[in-house]
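Colleague: need a 3D model of the sequence below.
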Amino acid sequence: MRSRLRYLYRHYRFLVLRRVVQLGLLFLFFAANAWGWKILEGNLSASRLFGRLTLADPLAVLQLLLAGGAVATQVIVGALIVLAAYMVVGRAFCSWVCPVNLITDLAEWTRKVLGFREPPLMYLNRKLRYLVLAMVLVLSVLLSLPVFEFVSPIAAASRGVAFGMGMGWALLLAIFLFDLFVVRHGYCGHVCPLGAFYSLTTRFRLVRVRHEKDSCTLCGNCFNVCPETHVLGLVGKHDGTVNNPECTNCFRCVEVCDDDALFVSLSGGWSK
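Modeller: The predicted structure follows:
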């Protein structure tokens, strides 16, 4: 029993903690609307912590500003607080906070259970998300609207849990099917403009994954679980930190590495 618990802790500790954080945030949004709790009100676009501190999605606020909308100072400050936090911990929003990650991870698990060795039925370049981000910003200016907020599955999921899903379920189902049948890690890894935004703004993050070449046996476990496998280019080649800003800091690679060649590190800048 004890050995089983050690195995589960070693291989799933970050995954379980991520799920607790993701589901816990959704529960707090729901509780604020259902029972009037003041711990976390609103949704992932804009929220209030303990009824006092305003927090906001930096990309949503940027779209509003580009659209010419009036944005309260406290909302801008809230967006800067969130941005500063992710500049330290990296693109962790995508793996630790975003509810769509639950959907895409479910699609990946289903893909493996059904034995879909390698969709895609088509190829998508991972740089497509940066084009989508640019289009979102340009259209926000041209249409005077925060374009992505009208179609964002992230906003739909967080609002849906708090206030009722409505047609948001259809958007989330579409993402699930897209990831399952069309492109592996398709939405988060190739399309999502918010993931692209955080990749651009967290380049000099402090929290990173570090690799020790001498401990690595090239078992490939890290590549099997990483949603952004291209960020692991240093594995088996040299010591250093995962510097690619597209790493989501999910730490699944750290969990499954039985060689202890990968671990969480505080390594700012571009150090190796």
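
Colleague: just the helices in this protein please.
Modeller: Along the chain, counting by DSSP state H, helices occupy 2-35, 58-66, 73-89, 100-113, 128-143, 147-151, 153-163, 168-177, 186, 193-201, 221-225, 252-256.

Colleague: quick one: closest of those helices to Asn243.
Modeller: Across the helices of the chain, Asn243 has its closest neighbour in helix 193-201 (12.0 Å, Cβ to Cβ). Glycine gets a C-beta too; all of them are placed from N, C-alpha and C.

Colleague: that closest one vs helix 100-113, what angle?
Modeller: With axes from the mean of the first three to the mean of the last three Cα atoms, to 10 degrees applied, the angle from helix 193-201 to helix 100-113 works out at 110 degrees.

Colleague: buried ones in helix 193-201?
Modeller: Pro193, Leu194, Gly195, Ala196, Phe197, Tyr198, Ser199, Thr201 (16 or more other Cβ atoms under 10 Å).

Colleague: do stretch 13-29 as well
Modeller: Buried residues in stretch 13-29 (16+ other Cβ under 10 Å): Phe14, Leu15, Arg18, Gln22, Leu25, Leu26, Phe27, Leu28, Phe29.

Colleague: I'd like these as a markdown table, with distance to Leu177 and pLDDT appended.
Modeller: What follows is the buried residues of stretch 13-29, written out as a markdown table (distance: Cβ to Cβ, whole Å; pLDDT from 0 to 100):
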| residue | distance to Leu177 | pLDDT |
| --- | --- | --- |
| Phe14 | 27 | 96 |
| Leu15 | 23 | 96 |
| Arg18 | 23 | 97 |
| Gln22 | 21 | 97 |
| Leu25 | 25 | 95 |
| Leu26 | 22 | 95 |
| Phe27 | 26 | 95 |
| Leu28 | 29 | 95 |
| Phe29 | 25 | 94 |
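
Colleague: quick one, the element among helices and strands of the chain having the smallest mean pLDDT and helix 100-113 angle?
Modeller: The weakest-scoring helix or strand in the chain, judged by mean pLDDT, DSSP states H and E, is helix 153-163 (a mean of 83). For helix 153-163 against helix 100-113, the angle between stretch directions is 110 degrees (the same axes, to 10 degrees).

Colleague: how about the contacts made by Gln253?
Modeller: Not Gln; residue 253 is Cys. Val209, Asn221, Cys222, Val225, Cys226, Leu232, Leu262 (Cβ atoms under 8 Å, 6 or more residues apart in numbering).

Colleague: now the third one: closest residue in space that isn't a chain neighbour?
Modeller: Okay, so that is Cys222. Take Cys222 and drop its neighbours on the chain: the residue closest to it by Cβ to Cβ, 6 or more residues apart in numbering is Cys253, 3.7 Å away.

Colleague: before we move on, what about the fourth one?
Modeller: When the adjacent residues along the chain are set aside, Val225 lies closest to Arg252, with 4.3 Å between them (Cβ to Cβ, 6+ apart).

Colleague: what about that neighbour, neighbour count?
Modeller: 23 (other Cβ atoms under 10 Å).

Colleague: got a pLDDT number for it?
Modeller: pLDDT recorded at Arg252 is 96.

Colleague: so it versus Trp169, what's the distance?
Modeller: For Arg252, the distance to Trp169 (Cβ to Cβ, to the nearest Å) stands at 27 Å.

Colleague: and if you look at Gly115?
Modeller: 27 Å.

Colleague: out of those two, which sits in the busier spot?
Modeller: In this view Gly115 and Trp169 are compared by other Cβ under 10 Å, and Trp169 has more residues nearby, 12 against 6.

Colleague: is it true that the more buried one touches Ala157?
Modeller: No: between Trp169 and Ala157 there is no contact under Cβ atoms under 8 Å: 9.2 Å.

Colleague: if we can go back for a sec, name the helices or strands packed onto the least confident helix or strand of the chain?
Modeller: helix 2-35, helix 100-113, helix 168-177 (3 or more Cβ pairs under 8 Å, 6 or more residues apart in numbering; DSSP states H and E).

Colleague: before we move on, what's the pLDDT of the closest residue to Leu143 other than its chain neighbours?
Modeller: Spatial nearest neighbour of Leu143, excluding adjacent residues (Cβ to Cβ, 6+ apart): Ala67 at 7.3 Å. With respect to pLDDT, Ala67 scores 95.
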